[in-house]
Each structure stands twice: as C-alpha cells, then as structure tokens.
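S.K.: A predicted structure for the sequence below; I have some questions about it.
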Amino acid sequence: MLALQELGERLTTLSAKQLARMPLSEAMQAALQEGKRIKSLNALRRHARRLGKLLRNEALDSIRQVIDEIDNNHQASVSGFHSLERWRDRLLNGESEAFGEFLAEYPSTDRQHLRQLIQAVRREREQERPPAVYRKLFKYLREVAGI
C-alpha cells in the first residue's frame with residue numbers, strides 16, 4: 001500500500017502533458033487534478049492514501065513504464081547538457097584539437113561562426129563584461145547538437 005501511495009505522490013509531480021501519456025481512469029485523473037490544489041500537509045497525506053486506493057484499479061505496469069521513460073528522457077537531457085558544457089569549456093580554453101574534434105563530431109557546424117563566437121567570448125572575458133556572448137555560444141552549440 002505504501003508503494004502505491006508513493007507512486008500516487010510521484011504522479012502528482014508530473015505535468016499535464018506527461019499525465020496524458022498514461023492510461024489513467026477518469027476518477028484517477030480527477031483525483032490528481034484535485035491533489036494539485038491541496039496545500040495542507042495533513043490533507044496531502046490523506047490524499048496520498050486516496051490515490052493509493054485508486055491506483056489498485058489501474059494498470060500499474062504501464063504507468064511505471066511511462067514514468068521510467070520520463071525519468072530516462074530527463075537523464076539523457078541532463079547528460080547532453082553536461083556534454084555540451086564540457087565542449088564549450090574545451091573550446092574556450094584554447095585546446096587546439098578540441099575545435100577539430102567538435103567539427104568532426106558535428107559536421108553541420110558553421111566553422112566561421114563558431115570561431116567568431118569563441119573569439120567574442122574571450123574578448124568578453126578579458127573586458128570583464130556580462131556573459132551575453134558566452135550564453136550565445138552555448139545556445140549555438142545546443143542548436144548544432146540538436147538538444
């Protein structure tokens with residue numbers, strides 16, 4: 001029963017778009033919408049017990065599968081951002097092979113535009129200005145990588 005309550009609490013943290021992917025009954029959907037309005041801690045505990053009871057009649061395997069997919073997508077997104085941050089740091093630190101490696105991995109990159117952004121970020125740092133171009137560089141790397 002506690003596992004079902006925890007699953008119910010996890011469902012209340014998901015967005016409407018994510019919940020739409022799950023095979024939930026109308027009663028369960030209504031209870032989840034109601035749970036988003038509850039603020040009192042005691043009321044939330046009671047509501048978690050109610051969600052646990054409602055989850056007994058749901059397709060738990062498919063719900064857990066969708067939650068696992070959501071978690072895996074999030075983890076992949078986070079690791080992609082970390083990878084791009086490492087690329088950005090390598091490119092800015094002047095590693096000579098980093099530029100060529102990046103172009104080899106992402107052949108659709110506009111090499112001249114990338115060089116200009118890197119030089120602009122270096123000038124920005126030397127002049128101790130706010131990191132506007134630094135952000136533009138990361139945005140460009142995201143576009144090239146498709147993240």
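M.R.: Received the coordinates, thanks.
S.K.: could you measure from the residue most central in space within the chain over to residue 67?
M.R.: Taking Cα atoms, centre = their mean, the centroid of the chain lies closest to residue 74, which sits 4.2 Å from it. Residue 74 sits 11 Å away from residue 67, going by Cβ to Cβ, to the nearest Å. For glycine as for every other residue, the C-beta is placed from the backbone atoms N, C-alpha and C.
S.K.: okay, the nearest residue to residue 21 once chain neighbours are set aside: pLDDT?
M.R.: Using Cβ to Cβ, 6 or more residues apart in numbering and skipping residues adjacent in sequence, the residue nearest residue 21 is residue 66, 5.3 Å away. If you check residue 66, the pLDDT there is 86.
S.K.: could you list every residue that touches residue 66?
M.R.: 18, 21-22 (Cβ atoms under 8 Å, 6 or more residues apart in numbering).
S.K.: how about the helix or strand in which it is found: buried residues?
M.R.: In this assignment (DSSP states H and E), residue 66 forms part of helix 60-92. Within helix 60-92, the residues that count as buried by 16 or more other Cβ atoms under 10 Å are 63, 66-67, 70, 84, 87-88, 91-92.
S.K.: circling back to that earlier point, how close does the residue nearest to the centre of the chain get to residue 117?
M.R.: Distance from residue 74 to residue 117, by Cβ to Cβ: 28 Å.
S.K.: kindly report the same for residue 48.
M.R.: Look at residue 48 and residue 117: by Cβ to Cβ, they are 49 Å apart.
S.K.: quick one: contacts for residue 122?
M.R.: Counted by Cβ under 8 Å, 6+ apart, residue 122 has contacts residue 92.
S.K.: state the pLDDT value of it.
M.R.: On pLDDT, residue 122 comes in at 91.
S.K.: and it, backbone torsions?
M.R.: phi -60, psi -40 (degrees, to the nearest 10).
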